[in-house]
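J.: prediction below, plus the sequence it came from.
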Amino acid sequence: MIRRRTKIIATVGPASADPETLTALVLAGVDLFRLNFSHGNTATITEWAERIRRVAEACQTEVGLLGDLAGPKIRIGRFRDGPVQLRSGDPFIIDPACPEADGNHERVGVSYARLPGDVAAGDRLLLADGQIAFRVESVVGTAIHCRVETGGVLSDLKGINREGGGLSAEALTDKDRHDITVAAGLGVDYLAVSFPRDAEDIARARGLLEKAGGRGLVVAKIERSEAVSNIKSILAASDAIMVARGDLAIEIGDWELAGVQKRLIRLAQEARSVVITATQMMESMVLSPVPTRAEVLDVANAVLDGTDAVMLSAESAVGHYPVRAVEAMARICLGAEKDVMTQVSLEPVRADGHYESANELIAMAAIHAANRFPIRAVATLTESGTTPHLASRPRSAIPIYALTRHEGTRRRVTLLRGVYPVAFDVLHANPDHVLDEAVATLRAVGAVEPGDYVLFTKGDSEGVAGTTNLLKVVQVQS
């Protein structure tokens, strides 16, 4: 059985939230669904989360949930008479003192009251995902006087960024704090923090999630230039990163994006972290039933670089072809994974040359051995998911099965490259025949056949997290 190693995340929205489409998306290959707290109120997001759980159960599969916080997205206000046409050379004022719905062709409000203190003459402000550009000429009181550099049609609530970053907005807003409580109640498997600047922002989000009773892992969205500068400490503080290429490209410049994306993926691999590549990967499929060649190459290159997951945003949330987008993305991932560079063993050693735990030693030894012997599958008997996580960090074409009794662990490993969850209750297995029963379970899910070799990792103490210390090769009997 050929299994896709790169995972697919699809954003839920009006185009995909009905049970029939969710079911089709799961069958097409979605591994996790993203709940975007920027869109949809608490009631809607709660309904979607519960519906996804029901669909996954009906499909007899594990599907993860990623809750994505809105963060301090700075937006302009609304225009009194509809969108305005701005031409290069026009003067324009951005002013937090302007009433929220009273914008016109000369001025508009902004959601961030401290913006006048964060900008100065000469700064470049980018709006509407960089399609419109202003140059700041002066700041008088609360009014930011600008000159239009790149014109266009400007409509309500468009995002605004300062080229080069440097805005002082805190990563967690009051809305985010409320949404973290909601996310904890929904039992999200991952919580994505938008616009973090440093490790402290991640630690604050994690603390709030744990205080609310949440057990999900934390994803740092890299979309500020400061986050790129602080990436090593952010990697240490988070469980995964997301290369969020929309706002990131605006802050650092789109000409820098490709190199930064590759560097972020490489650094995540070296840190044993998980990485998601996101934003406009197949944007044309919002309206088109097929992707462009450039989009095919974009997805494939992320796979070749070693990303754990690729993500759909508008394509699945509001697009006309959400299921086709997932199907196309799955085909591209499988095609890229045929390339030898995604299968060659790259076993990174930590900077000091030492492993940090027995778990890591066993995980690295397992993949090292599996890449050099006809192993059909690596099977980890796991409680927390740590061993399959570590085993999935080197490149390998060998599937890793996370056998666990914990539903939460099974859902969390859906994000890990090349790892597949399998329900197995080690505490109810015969102590003298645990591996025999595990092999039978693997056969039942179609993972192995008679004659295959399986490399198991396990601990002396069954059912206790963090005790993995054994490797054993088992040949499947008929």
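T.: The structure has been received and is ready for your questions.
J.: contacting residues for Arg417?
T.: Contacts for Arg417 (C-beta atoms under 8 Å, 6 or more residues apart in numbering) come out as 5-7, 274, 306-309, 392. C-beta coordinates here come from the backbone N, C-alpha and C atoms, glycine included.
J.: wait, a strand at Pro96?
T.: No: assigned with DSSP: H, G, I helix; E, B strand; the rest coil, Pro96 falls outside any strand and is coil.
J.: next one: it from Leu154, what distance?
T.: With distances taken as C-beta to C-beta, to the nearest Å, Pro96 is found 17 Å from Leu154.
J.: and what of Glu137?
T.: The gap separating Glu137 from Leu154 is 18 Å, by C-beta to C-beta.
J.: likewise for Asp68?
T.: Separation of Asp68 from Leu154 (C-beta to C-beta): 26 Å.
J.: same question, Val30
T.: Plainly put, Val30 is 35 Å away from Leu154 if you go by C-beta to C-beta.
J.: of the two, who's got more company?
T.: Between Val30 and Leu154, Val30 has the larger neighbour count (other C-beta atoms under 10 Å), namely 31 against 22.
J.: could you check which helix or strand contains the residue lying closest to the more buried one once chain neighbours are set aside?
T.: The shortest distance from Val30 to any non-neighbouring residue, by C-beta to C-beta, 6 or more residues apart in numbering, is to Ala10 (4.6 Å). Using DSSP states H and E, Ala10 sits in strand 7-11.
J.: just the buried residues of whichever helix or strand comes after that strand, please?
T.: Of the helices and strands lying after strand 7-11 in sequence (DSSP H and E), the nearest is helix 19-28. Buried residues in helix 19-28, counted by 16 or more other C-beta atoms under 10 Å: 21-26, 28.
J.: with stretch 183-198 instead?
T.: Neighbour-count burial for stretch 183-198 flags 183-184, 186-198 (criterion: 16+ other C-beta under 10 Å).
J.: and for stretch 372-380?
T.: Buried, per 16+ other C-beta under 10 Å, within stretch 372-380: 375-380.
J.: burial count for Gly213?
T.: Look at Gly213: counted by other C-beta under 10 Å, it has 10 neighbours.
J.: which residues touch the closest residue to it other than its chain neighbours?
T.: In space, Gly213 comes closest to Ala184 once its chain neighbours are excluded; the distance is 5.1 Å by C-beta to C-beta, 6+ apart. Ala184 makes contact with 209, 212-214, 216 under the criterion C-beta under 8 Å, 6+ apart.
J.: try it again at 7 Å.
T.: Contacts for Ala184 (C-beta atoms under 7 Å, 6 or more residues apart in numbering) come out as 209, 212-214.
J.: and it, backbone torsions?
T.: Phi and psi for Ala184, reported as degrees, to the nearest 10, are phi -60, psi -40.
J.: what separation do you get for it and Asn36?
T.: From Ala184 to Asn36 the distance is 17 Å (C-beta to C-beta).
J.: for Glu407, same thing?
T.: From Glu407 across to Asn36, the span is 24 Å (C-beta to C-beta).
J.: neighbour count: those two, which is higher?
T.: The residue with more neighbours, out of Glu407 and Asn36, is Asn36; 20 against 12, by other C-beta under 10 Å.
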